[in-house]
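# Starting from these lines, generate the structure:
(one chain, ligands or ions: 1)
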Amino acid sequence: MLLLPQKALRSSVQPIRATRPLRLAQKTWRWSRTSAGATKQSAPLALVPKKKPDGPSTDLGVILGRLSQLALPYWQEEKSARWKLAGVVGLTLATTGVSVVFNFLGRDFFTALSDKNETAFYSQLVKYLGGFALGIPVFVFKSYFQSKLALEWRQWMTERLLAEYLSDRTFYGLQQSAEVDNPDQRISSDVANFTDTALGLSLTLLNAAIDLVSFSGILFTIYPPLFAALVVYSVGGTAASVALGKNLVTLNFNQEAREADFRYGLVRVRENAESIAFYGGDQDERALLKLRLQAAVENYLGLLTASRNLDFFTSFYRYLIQLLPAAVVAPLFFQGKIDFGVINQSQSAFNHILNDVSLVIYQIEALAGFSAVVDRLGEFDEAVATRRSQQQQLAERAKAGAPADSDDAAAAATSSSGGVTPAVVGGDDETSLAALPGIELRFQAAAAAAAAAATAGTATASTSGSSSSSSGHHDARPLLQVRDLTVATPRGRNVLLRGLDLDLTPGQSLLVMGPSGAGKTSLLRAVAGLWSDGRGAIDVRAPRDDVMFLPQRPYMVLGSLRDQALYPRRHTQQHDDATGTASASASAPASESPAASTSASAASSPSSQAAAPLVRPPSDSEILAVLELVQLGHLVTRYAAGAEEEAAGSSNGNGASTTSSSAPASRGSAAHASPSALPPAAAKAALDTTADWAASLSLGEQQRLGWARLLLARPRPALALLDEATSALDQETEARLYKVLAQSGISYVSVGHRSTLRDFHSALLQLRPDGAGGVTWEVRPLEAAAAQVAAAGPQQ
Ligand SMILES: Nc1ncnc2c1ncn2[C@@H]1O[C@H](COP(=O)(O)OP(=O)(O)OP(=O)(O)O)[C@@H](O)[C@H]1O
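As a prediction, the model looks like this:
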């Protein structure tokens, strides 16, 4: 009897023990229309707690629906995958064929043995060995191609989920609404488990069906009562195992969550190592992690107990059956009606069929884990789809209003002051939470912006790329227009600002001041499109990508110093470079004004009317110049010296010099050089340095890096939103950075507390508590600021 192939086939499906990170909130939420509003369509959208309790769905209909929703797109959209699947199915059929051949070879082999027929025995032995040589590769290749196909499916599905998750700021919306926990876990290990198990189980089912048909015929021809005994035994066993294994689904689901809670706790310690060390919070962290570990261990013990109980049953089930076929057909053998080989053949056929009809029993743990994975992934997929359709609805509603890139509409809407509305006050009207239809946010289309840039370029002899600010020419139409804006917090639906009106023309700047918690950052969130709960309209006469945000603590990406400086445009720039759309002027002189260089290629390009403006990545010398401008030159020299020492070390170690001919000759010379005086190879080495930037740069340095990003961004941002972006800097550096920004032509809105910031803005939005839990606002011009900035002259 040969069970090896059958075993190899079954082992492709393993019980799932995926881990699962922290649930962000105990409640889950869903979008719903509130009762307010004349019609269902016009009723405001709100996030309300989901009725569904946490935990896996055990409704088979829901799981099957989610399964098809998750699994079908790949096979529908990828033609090559269908061909590969056909190949794997072919190999699966071949494995059944090989098993049938082995079944007959085994019968004749054992019959020759019992007949003591030496010639026939050796002849059967050779055939058997030949069968091994031809049959085993079929099993091996089937397993290999199946795993490879599952891997390709995983890659496709992960990329698709990533594309949806990381577009339209869906990741932010999901995090804010706490609709689904731990997307990272779902995108990484859940998808891998899903594709692997879905393919494995499907092929196992297919194989079982074919196997069942093939071996039922054999068994039935040997002895029909044996076939009947088998059916009764397996149906009873399946029912019993389903009953015994039911709680495994919940236990598996919970195990994922608890393992993930524990791992997430560890990740937080790593990410917040310095704060925890300053607080001396070791013991608290340890206690918390111990609790989480305990929760995971306890659940796992429950899982082990449930598996043990199930194992008692399945083991008896498996071993008892080994005797059944021989016991049933033995009387026929004693009566001389069948050969000894037929007993072996019936045993083999019996085992095959038993495996086929007992799939649920043998795979109950894998099925339990798989249904938890299907549930989690399906939930995530649905949440992403809902979130994106919310975004589309908001965009469509915004489109239905006045378009931001309509020149007429924008001109008509320009206030008579030609800029910030002078001394406007408001915020004392009562706004019902239920009557907030959502904020309408409109950005200018990229094509319209490119056309406008081309026009401006021809009008101002654009080879210099000089900004509207430095040329003294101001476009009087508002760059940012806010009308009757009410901002509410998500979920809590706490109204912050009410009825704000504001115009900001290009080249102007607005300072937002007010007490902590008044809603300053929330206003920036609304302008950036992160928060949409509220009422009113925001028109930005620039594409969305031309609005850049500088937070108080900038996000430090994984990568080199160059990557830090070019974030978030580094991939766009690399792409443009690779496709050859970038201009050839990659070696601009280091002294070139960064503000001037940023728009040059877009304005002078013959194809600048295209939707996507041409951009070129900043050269190393431009990056160095900007880093020096924001007073980060010391980082470059520091890392150049480090790279130099490393190169010298490796050259001493292996006897071959790794430094280029242009590198400094003497060791450590870079440490004292000014960045712009560094040899190109040393500067490049410094910019290529990778480090844990969040941990190795001071907050002030990180903030200055944020400013460098702003000045290096291509195309140049039209509007910068600065949220306490200089809070960690001394006043002198703050003044210097704001002067550079004012001369760059980038309009900006800053949030800050320092009164010295007034010197660098042309208007002030002052928020004040109204004494009744709300906020009043006042907008007024800051006359002195513009004169001060203009008097300061260009910065290099
Ligand atoms: N995601 C959120 N969900 C619900 N409420 C929030 C959320 N984020 C902020 N809030 C609340 O909204 C209010 C305004 O927050 P915001 O960050 O805009 O204040 P701020 O004026 O910028 O304060 P600070 O000067 O301290 O930075 C605060 O009461 C805050 O607790």
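
# Poorly predicted segments of the stretch 401-550 of the chain, please.
Within the stretch 401-550 of the chain, the ranges that satisfy pLDDT under 70 run 401-435, 446-476, 492-493.

# again, only using 90
401-478, 488-499, 505-508, 517-518, 528-535, 541-546 (pLDDT under 90).

# Residues of it that sit close to the ligand?
Residues of the stretch 401-550 of the chain found near the ligand (Cβ under 6 Å from any ligand atom) are 489-492, 496, 514, 516-522. For the C-beta atoms, the positions are set from N, CA and C on the backbone; glycine is no exception.

# make it 5 Å
Residues of the stretch 401-550 of the chain found near the ligand (Cβ under 5 Å from any ligand atom) are 489, 492, 516, 517, 518, 519, 520, 521, 522.

# List only buried entries from the residues you listed.
489, 518, 519, 520, 521, 522 (16 or more other Cβ atoms under 10 Å).

# The second one belongs to a strand, doesn't it?
No - in this structure, residue 518 is coil, not part of a strand, as judged by DSSP: H, G, I helix; E, B strand; the rest coil.

# now it, nearest residue through space, not along the chain?
Distances taken as Cβ to Cβ, 6 or more residues apart in numbering put residue 767 closest to residue 518, at 4.2 Å, once the chain neighbours are dropped.

# for the fifth one, same thing?
Once its chain neighbours are removed from consideration, residue 521 has its nearest residue in residue 723; the separation is 5.4 Å (Cβ to Cβ, 6+ apart).

# Let me know the helix or strand that residue 248 is in.
Residue 248 is part of helix 247-271 when elements are defined by DSSP states H and E.

# Can you give me the neighbour number for the closest residue to the ligand within the stretch 651-796 of the chain?
Nearest residue of the stretch 651-796 of the chain to the ligand, counting by Cβ to the nearest ligand atom: residue 751, 6.1 Å away. Residue 751 sits with 25 neighbouring residues when counted by other Cβ atoms under 10 Å.

# what sits against the residue nearest to it when sequence neighbours are not counted?
Nearest non-adjacent residue to residue 751, counting by Cβ to Cβ, 6+ apart: residue 520, 4.3 Å away. Contacts were defined as Cβ atoms under 8 Å, 6 or more residues apart in numbering; by that measure residue 520 touches 512, 513, 514, 723, 751, 767.

# Would you agree residue 237 is in contact with residue 361?
Yes - under the criterion of Cβ atoms under 8 Å, residue 237 is in contact with residue 361, at a separation of 5.5 Å.

# Common neighbours of the two, please.
Common neighbours of residue 237 and residue 361 (Cβ under 8 Å, 6+ apart) are residue 317.

# At the geometric centre of this structure, which residue sits there?
With distances taken as Cα atoms, centre = their mean, residue 162 lies nearest the centre of the chain, 4.8 Å away.

# and residue 441, that one's in a helix?
No - counting by three-state DSSP, residue 441 is not found in a helix; it is strand.

# one step back: let me see the mean pLDDT of the helix holding residue 248.
Confidence over helix 247-271 (mean pLDDT, whole number) is 83.

# buried ones in that helix?
248-265, 269.

# List the contacts of the nearest residue to residue 266 once chain neighbours are set aside.
Among residues not flanking residue 266 along the chain, residue 289 sits closest, at 6.7 Å (Cβ to Cβ, 6+ apart). Each residue near residue 289 by Cβ under 8 Å, 6+ apart is listed here: 262, 265, 266, 269.

# for those, which one is nearest residue 304?
residue 262 (17.4 Å; Cβ to Cβ).

# Spell out the secondary structure type for residue 511.
strand.

# Now do the same contact list for it.
Per Cβ under 8 Å, 6+ apart, neighbours of residue 511: 749, 750, 751, 752, 757, 758, 760, 761, 763, 764, 765, 782.

# And the buried ones among these, selectable in ChimeraX?
The ChimeraX selection below is limited to those of these classed as buried (16+ other Cβ under 10 Å):
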select :749,750,751,752,757,758,760,761,763,764,765,782
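
# Find me the pLDDT at the most far-flung residue of the chain relative to its centre, would you?
Relative to the C-alpha centroid of the chain, counting by Cα atoms, centre = their mean, residue 335 is the outermost residue, at 69.9 Å. Note for residue 335: predicted pLDDT of 84.

# what number of residues lie near the residue of the stretch 201-350 of the chain found nearest the ligand?
Nearest to the ligand in the stretch 201-350 of the chain, going by Cβ to the nearest ligand atom, is residue 275, at a distance of 18.2 Å. Residues near residue 275, counting by other Cβ under 10 Å, number 9.

# looking at the sheet around the residue nearest to residue 518, what are its partners?
As for beta bridges, residue 767 partners with residue 777 under DSSP bridges.

# What number of residues are in the vicinity of it?
Count around residue 767 with other Cβ under 10 Å applied: 23.

# how near is the one residue in the stretch 101-250 of the chain that gets nearest to the ligand to residue 296?
Closest to the ligand within the stretch 101-250 of the chain is residue 176: 5.6 Å, counting by Cβ to the nearest ligand atom. Per Cβ to Cβ, to the nearest Å, residue 176 is found 28 Å from residue 296.

# Next SSE downstream of the helix or strand hosting residue 155?
Per DSSP H and E: residue 155 is located in helix 118-165. As assigned by DSSP H and E, the chain's next helix or strand after helix 118-165 is helix 170-177.

# which ones are touching the residue of the stretch 101-250 of the chain closest to the ligand?
Going by Cβ under 8 Å, 6+ apart, residue 176 touches 490, 491, 530.

# name the element the residue of the stretch 251-400 of the chain found nearest the ligand belongs to?
Proximity of the stretch 251-400 of the chain to the ligand (Cβ to the nearest ligand atom) peaks at residue 387, 15.4 Å away. Following DSSP H and E, one finds residue 387 within helix 364-400.

# Show me what counts as buried in that helix.
So helix 364-400, judged by 16+ other Cβ under 10 Å, has buried residues 364-381, 383-384, 386-388, 390-391, 394-395, 398.

# repeat for stretch 292-305
Result for stretch 292-305 [16+ other Cβ under 10 Å]: buried residues 292, 293, 295, 296, 299, 300, 302, 303.

# Please identify which of those residues is nearest to residue 776.
residue 292 (45.6 Å).

# returning to that earlier point: ok, now which ones touch the residue of the stretch 651-796 of the chain closest to the ligand?
So residue 751 contacts 511, 512, 513, 520, 521, 523, 524, 722, 723, 724 (Cβ under 8 Å, 6+ apart).

# Go again with 7 Å.
The contact partners of residue 751, by Cβ atoms under 7 Å, 6 or more residues apart in numbering, come to 512, 520, 521, 524, 722, 723, 724.

# So which of the residues you listed are in helices?
520, 521, 524 (DSSP state H).

# Pull up the residues of this protein that are close to the ligand.
489, 492, 516, 517, 518, 519, 520, 521, 522.

# Tell me which residue in the stretch 351-500 of the chain sits closest to the ligand.
Residue nearest to the ligand within the stretch 351-500 of the chain (Cβ to the nearest ligand atom): residue 489, separated by 3.5 Å.
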